[in-house]
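S.K.: Compute the structure for the input listed below.
(4 chains)
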2 protein chains.
Amino acid sequence: MMRMDPIKLLKAHDLKHTRQRVRVLEEIAMDNVAISQPELEKRLGKEIDRVTLYRILNTYEDKGILHRVMDLNGTANYAICSPACSAHHHHDEHVHFNCTRCFKIYCLEIEVPGIKMPKGFTANAVSTIAYGICEKCNFI
Amino acid sequence: MMRMDPIKLLKAHDLKHTRQRVRVLEEIAMDNVAISQPELEKRLGKEIDRVTLYRILNTYEDKGILHRVMDLNGTANYAICSPACSAHHHHDEHVHFNCTRCFKIYCLEIEVPGIKMPKGFTANAVSTIAYGICEKCNFI
DNA sequence: TAGCATAGGCAATTAATTTGCTTGTGCTAT
DNA sequence: ATAGCACAAGCAAATTAATTGCCTATGCTA
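M.R.: Next comes the predicted model:
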């Protein structure tokens, strides 16, 4: 699922190659599920300081490497951006799916449907999140 | 814009009529803009204890009086639910608009476009938030 | 209008995030 | 290869946000 070698990805964004940064990318790039900050902290807490994790996530978001999705509880979740993302514009305009049983967030390969704005409003981005039961939880 | 008399609304949901509860409804029902918890606190902080405010908002959400929208920063925003909402199912399926300049959240009178889920996923609700510049800020 | 259930207020706790500062390390130019 | 610098990591502490417990106050029913 990882679209790119972490080391190249870092270099491409003028970021130094550190153990911690690579680990974060590895963890997030595992599948197409966005992962929450608390979950990342649980997985990486022994290898990476919590403050460092916050900083890495912020850096990645700024650089357009990760995009952030807020879930129902206002918790930040992160997923790898498509290669088209840049520091100044995120193209994370696919639909997200938030499972209300296991709380995972999936990035669905569905385009966000176009909507027409009322007069006076200009939309730069549209985020769509569907809530329900995911594949795995439906099966159980 | 207020759809209903606050006192009747409270009674209809088996909630005691208190000054604090009425004030919160008044503040939120003013227009069709969702209002954030911090903003509410700023406006009501001198009349209502912050803990009471948290509790009132939670109660209203549970009862289906308010619905909650998370903005980009993970801050909770609240808006009056349509009369069709109940404690067990929110019908807040219109599109929200989050102005990235003034940070207001508008409830647009647009239906959330239907999207088809991948096999295995069942969606119970879909939330769509558009980000951009609102009416007022576009004008300025 | 008495009594009770529950709402509000205050204090304190817990959790989440940010900031400052010091140490450590990747990377570039010798 | 390595010296030096810019910046990343780690730790401590400060903020900020949200929750909990407990006591008092008050709306509502009998």
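S.K.: going forward, measure contacts between C-alpha atoms and count neighbours the same way
M.R.: OK.
S.K.: Poorly predicted segments of chain A, please.
M.R.: A:1-4, A:31-32, A:81-94, A:103, A:109-113 (pLDDT under 70).
S.K.: Tell me which residue lies farthest from the centre of it.
M.R.: Here chain A reaches farthest from its C-alpha mean at residue A:119, the gap being 31.7 Å by C-alpha atoms, centre = their mean.
S.K.: Would you check how far apart it and residue B:134 are?
M.R.: 10 Å (C-alpha to C-alpha, to the nearest Å).
S.K.: Just the CA trace of stretch A:116-133, in PDB.
M.R.: C-alpha atoms of stretch A:116-133 as PDB (Å, rounded to 0.1, in the frame of the first residue of the first chain):
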ATOM      1  CA  LYS A 116     -23.400  23.500  -5.800                       C
ATOM      2  CA  MET A 117     -22.900  26.300  -3.400                       C
ATOM      3  CA  PRO A 118     -25.500  28.900  -2.600                       C
ATOM      4  CA  LYS A 119     -24.800  32.400  -4.000                       C
ATOM      5  CA  GLY A 120     -22.000  34.100  -2.200                       C
ATOM      6  CA  PHE A 121     -20.300  31.000  -0.900                       C
ATOM      7  CA  THR A 122     -17.100  29.700  -2.500                       C
ATOM      8  CA  ALA A 123     -16.000  26.300  -1.500                       C
ATOM      9  CA  ASN A 124     -12.300  25.300  -1.800                       C
ATOM     10  CA  ALA A 125     -12.600  21.800  -0.400                       C
ATOM     11  CA  VAL A 126     -15.300  19.400   0.500                       C
ATOM     12  CA  SER A 127     -15.000  16.700   3.000                       C
ATOM     13  CA  THR A 128     -17.400  13.900   3.200                       C
ATOM     14  CA  ILE A 129     -17.400  11.300   6.000                       C
ATOM     15  CA  ALA A 130     -19.800   8.400   6.100                       C
ATOM     16  CA  TYR A 131     -20.500   6.800   9.400                       C
ATOM     17  CA  GLY A 132     -21.600   3.200   9.800                       C
ATOM     18  CA  ILE A 133     -20.300  -0.300  10.100                       C
END
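S.K.: what does that stretch rub up against?
M.R.: The set of residues external to stretch A:116-133 that reach it, using C-alpha atoms under 8 Å, 6 or more residues apart in numbering or on different chains, is A:93-101, A:112, B:108, B:121-136, B:138-139.
S.K.: Show me which residues of it are buried.
M.R.: Buried residues in stretch A:116-133, counted by 16 or more other C-alpha atoms under 10 Å in any protein chain shown: A:121-123, A:125-133.
S.K.: same thing with stretch A:25-35?
M.R.: A:25, A:28-29, A:32-35.
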